[in-house]
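J.: With the sequence up front, the predicted model follows.
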Amino acid sequence: MIYVPAEDSADGVAKVVYTSKDRKSRGMRKKACTDDTIPAVMPNDLSSKESRQNWARLIQKIYEVDPLVCPKCQGSMKIISFIEEHGVIEKILRHLDLWDVRNHDPPHHDPTQKVSDYILDLVCA
């Protein structure tokens, strides 16, 4: 809550301004059925199973490979969970010797070359 004296107010009237953290402000929002939470960009109307199937369908469409087919025996697989924590992913990949962080140098650029060096001379007949 912030008190604004009359001499500091633009219209000459003393005011009490409630901030978003004040109880009264929160109560007024609750009464008006507004919430501080940010709405989802896309509401998730899909069940957990439908979400997993949708994920597999998108991977198959983009990469032209079915992620739910075993590469060794061609048997059917199913998703049991997603691992999202970076530390856990790194630990698993290091254990499998698949964690390889490479620092790539920037491509070599010769500042002495000019654009005209790259343009081929075309002979018109």
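T.: Alright, I've got the coordinates. Residues are numbered from 1 along each chain as shown.

J.: quick one, domains of the protein?
T.: Listed domain ranges for the chain are 2-31, 48-95 (source: automatic domain parsing).

J.: Can you tell me which of these is nearest to His108?
T.: His108 lies closest to domain 48-95 among the domains of the chain, at 30.5 Å (Cβ to Cβ). Glycine gets a C-beta too; all of them are placed from N, C-alpha and C.

J.: so for that closest one, what's the average pLDDT?
T.: The average pLDDT within domain 48-95 is 82.

J.: And the helices in this structure, which stretches?
T.: Ranges of helices in the chain, per DSSP state H, are 23-31, 48-63, 86-95, 115-118.

J.: so which of the domains of the chain gets nearest Val101?
T.: Judged by Cβ to Cβ, the one of these that comes nearest to Val101 is domain 48-95, at 9.1 Å.

J.: now the end-to-end length of stretch 75-85.
T.: Start to finish, the residues bounding stretch 75-85 are 28 Å apart (Cα to Cα, to the nearest Å).

J.: mind checking how far the nearest residue to Tyr3 once chain neighbours are set aside is from Met28?
T.: Spatial nearest neighbour of Tyr3, excluding adjacent residues (Cβ to Cβ, 6 or more residues apart in numbering): Val16 at 5.7 Å. Distance from Val16 to Met28, counting by Cβ to Cβ, to the nearest Å: 13 Å.
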